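Chemist: how would this look folded up:
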Amino acid sequence: MDWIRLKARLLEVGSVRLSGEPAEPYISHSTAGPSAGSPGSLFFSDGGGRRVRLGINEASSIEIVHRGRGEADLFIDGSALRGVLEPAAHHCPRQAYITVSGTCIFHCRYCPVPDLPGRRKEVAEIVRMVEDVADRIDAIAITSGVASSIEEEEAYVLEVVAALRHFDLPIGVSIYPGPETPVRLHALGVAEVKFNIEAATEGIFREMCPGLSWDGIWEALASSVVLFGKDRVHSNIIVGLGETDDDLERVMEDLAAIGVIPVLRPLTPAAALADRPRPSAERLLRLHRVHERVLREAGLDPRRTLTMCAACTGCDLAPGRDA
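Modeler: The predicted structure follows:
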């Protein structure tokens, strides 16, 4: 099985049983997004730079056996693959990907964060977190819930970014944007931004993310491309919210047309969508081919990405990086 097909199958299942030698140094815990509050996840790599992030679940049909020192064997559908477990610096390999506020006043239907006892990290705490892993990261990535208001959250994240500039590493930021968010982040030297439209259509967005503005996110994305430049602006689209493949093709084309790299994120069933299925491997492969075409025709290249999801690639099929 080639890597693309293997990864699509792994993303379809989304989890593994972990056995063998103790592997705690390789287990990551999320405080944001649909995986928040889960038992943890790990990154399995083929050893050649291609990786996939998988949740840990003792009931999974796929098994990873840790042989020690990060060496591991993956057993799937009667086949075995030798690889390695990659340690996450913070949240993912080679990045300090840090959630500022692990709580949120909004209630997106796919996200468990509002129902978890999250907290906001102090600026000094975040600086220490980066210091602790500075010798094994290539980038810093900042994301956040909305603790009290969009405006207050932005102001606090700007404080965090200002305090991290002295590390002289590319910084990516993914928060819910206000009208001036792109300008303010750019003025602080942020390298890349990711403002997530989340859903393939406005109707699904309004159903899934009550209280948030579809038009506002699109406006922030368009203005960001002017500021940050080609291959530096991204937007997640969740696959599995009830959209069609045609819906996804259209929204990818619309994003690429304004210079935004779309990131297709398979649904992690959680919160109000806990009973939804994950997208099938066949669908992910089909969409991957469309995704490749859309990016190629728009002249966009995720391989130039420095931070956040498109640089990590663990949770998605990533055109240009997964081959």
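Chemist: The stretch 151-300 of the chain: strands as residue ranges?
Modeler: 171-174, 192-194, 233-239, 261-266 (DSSP state E, counting those that start in this stretch).
Chemist: Export these as JSON lines, with columns for mean neighbour count, mean pLDDT and distance to E24.
Modeler: C-beta here means a position set from N, CA and C on the backbone, and glycine is covered the same way. As requested, those are arranged in JSON lines below (neighbours: other CB atoms under 10 Å; pLDDT from 0 to 100; distance: least, CB to CB, whole Å):
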{"stretch": "strand 171-174", "mean neighbour count": "26", "mean pLDDT": "98", "distance to E24": "27"}
{"stretch": "strand 192-194", "mean neighbour count": "27", "mean pLDDT": "98", "distance to E24": "29"}
{"stretch": "strand 233-239", "mean neighbour count": "24", "mean pLDDT": "98", "distance to E24": "29"}
{"stretch": "strand 261-266", "mean neighbour count": "24", "mean pLDDT": "98", "distance to E24": "26"}
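Chemist: Looking at these, spot the one closest to M252.
Modeler: Taking CB to CB as the criterion, M252 comes closest to strand 261-266 out of the strands of the stretch 151-300 of the chain, the separation being 4.5 Å.
Chemist: Name every strand pairing with that closest one and say which way it goes.
Modeler: For strand 261-266, the paired strands and their directions (DSSP bridges) read strand 233-239 (parallel).
Chemist: how about the CA coordinates for the strand it pairs with, as PDB?
Modeler: Coordinates of the C-alpha atoms in strand 233-239 are reproduced here as PDB (Å, rounded to 0.1, in the frame of the first residue of the first chain):
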ATOM      1  CA  VAL A 233      -2.600  32.300   4.400                       C
ATOM      2  CA  HIS A 234      -4.500  29.200   5.100                       C
ATOM      3  CA  SER A 235      -8.000  28.100   6.100                       C
ATOM      4  CA  ASN A 236      -9.300  24.800   7.500                       C
ATOM      5  CA  ILE A 237     -12.400  23.100   6.000                       C
ATOM      6  CA  ILE A 238     -13.800  20.200   7.900                       C
ATOM      7  CA  VAL A 239     -14.800  17.200   5.700                       C
END
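Chemist: Run through who's touching it.
Modeler: By CB atoms under 8 Å, 6 or more residues apart in numbering, the surrounding residues in contact with strand 233-239 are 110, 192-200, 217, 221, 224-225, 248, 251-252, 255, 259-267, 279, 283-284, 287, 305, 308-310.
Chemist: Over to stretch 77-89?
Modeler: Counting by CB under 8 Å, 6+ apart, stretch 77-89 makes contact with 1, 6, 9, 23, 25-26, 28, 42-47, 51, 64, 66, 70-74, 93, 95-97, 133, 136-137, all of which sit outside it.
Chemist: buried ones in it?
Modeler: Applying a neighbour-count criterion of 16 or more other CB atoms under 10 Å, one finds L81, G83, V84, L85, E86, P87, A88, A89 buried in stretch 77-89.
Chemist: and the next element down the chain from the helix or strand where the second one lies?
Modeler: Element membership of G83 [criterion: DSSP states H and E] is strand 79-86. Downstream of strand 79-86, the first helix or strand assigned by DSSP H and E is strand 91-92.
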